[in-house]
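> predicted model follows, preceded by the sequence.
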Amino acid sequence: MTNSPAPNQTCPIRDVLDRIGDAWSLLVMFELANGPCHFNALRRVIGTISQRMLAVTLRHLERDGLVAREVLPLSPPRVKYTLTPLGASLIERLIPLRDWALDHQPSVHAARLDYDARAA
């Protein structure tokens, strides 16, 4: 019996896009691009993310080498998250996509309304 490759191992594009294409990773990374942030501050800024989903998202980003987690020696302990150099290099390339989304969201919304009206 041969060992089959891990999921997405044979397609590096899909492997990376699966991470950044989820519901929360980019929002977390764009916030961390502004500087280090504590867990609760991230949760407040992102707003609609649950505590559990933020923890899962941060864990995945840390596993992929995009975010670093530092436990601060305080009582009670606090955790600070920062983008790694790898994460910062990804954000640099995604800023044009973010800007395009901000500039064109009204047009996309109008196109959806037009499509839905024609489909009805």
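Alright, I've got the coordinates.

> and the strands in this structure?
Using DSSP state E, the strands assigned to the chain run over residues 37-38, 67-72, 78-83.

> for the first one, what is the average pLDDT?
Looking back up the chat, that one is strand 37-38. For strand 37-38, the mean per-residue pLDDT is 95.

> what residues does it touch?
31, 45, 78-82 (Cβ atoms under 8 Å, 6 or more residues apart in numbering). Just so you know, the C-beta spots here come from the backbone N, C-alpha and C atoms, and that holds for glycine as well.

> now do stretch 105-117
For stretch 105-117, using Cβ under 8 Å, 6+ apart, there are no contacting residues.

> what's the mean pLDDT across that stretch?
Taken as a whole, stretch 105-117 has an average pLDDT of 96.

> now do stretch 85-99
For stretch 85-99, mean pLDDT is 95.

> and if you look at stretch 47-60?
For stretch 47-60, mean pLDDT rounds to 95.

> just the C-alphas of that stretch, formatted as PDB.
Provided in PDB are the C-alpha atoms of stretch 47-60 (Å, rounded to 0.1, in the frame of the first residue of the first chain):
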ATOM      1  CA  GLY A  47     -17.200  42.000  16.000                       C
ATOM      2  CA  THR A  48     -19.200  39.100  14.700                       C
ATOM      3  CA  ILE A  49     -16.700  36.300  15.200                       C
ATOM      4  CA  SER A  50     -17.300  34.000  18.200                       C
ATOM      5  CA  GLN A  51     -14.600  33.400  20.700                       C
ATOM      6  CA  ARG A  52     -14.200  29.800  19.600                       C
ATOM      7  CA  MET A  53     -14.000  30.700  15.900                       C
ATOM      8  CA  LEU A  54     -11.400  33.300  16.600                       C
ATOM      9  CA  ALA A  55      -9.300  30.800  18.600                       C
ATOM     10  CA  VAL A  56      -9.600  28.300  15.800                       C
ATOM     11  CA  THR A  57      -8.700  30.800  13.100                       C
ATOM     12  CA  LEU A  58      -5.600  32.100  15.100                       C
ATOM     13  CA  ARG A  59      -4.500  28.500  15.700                       C
ATOM     14  CA  HIS A  60      -4.700  27.700  11.900                       C
END
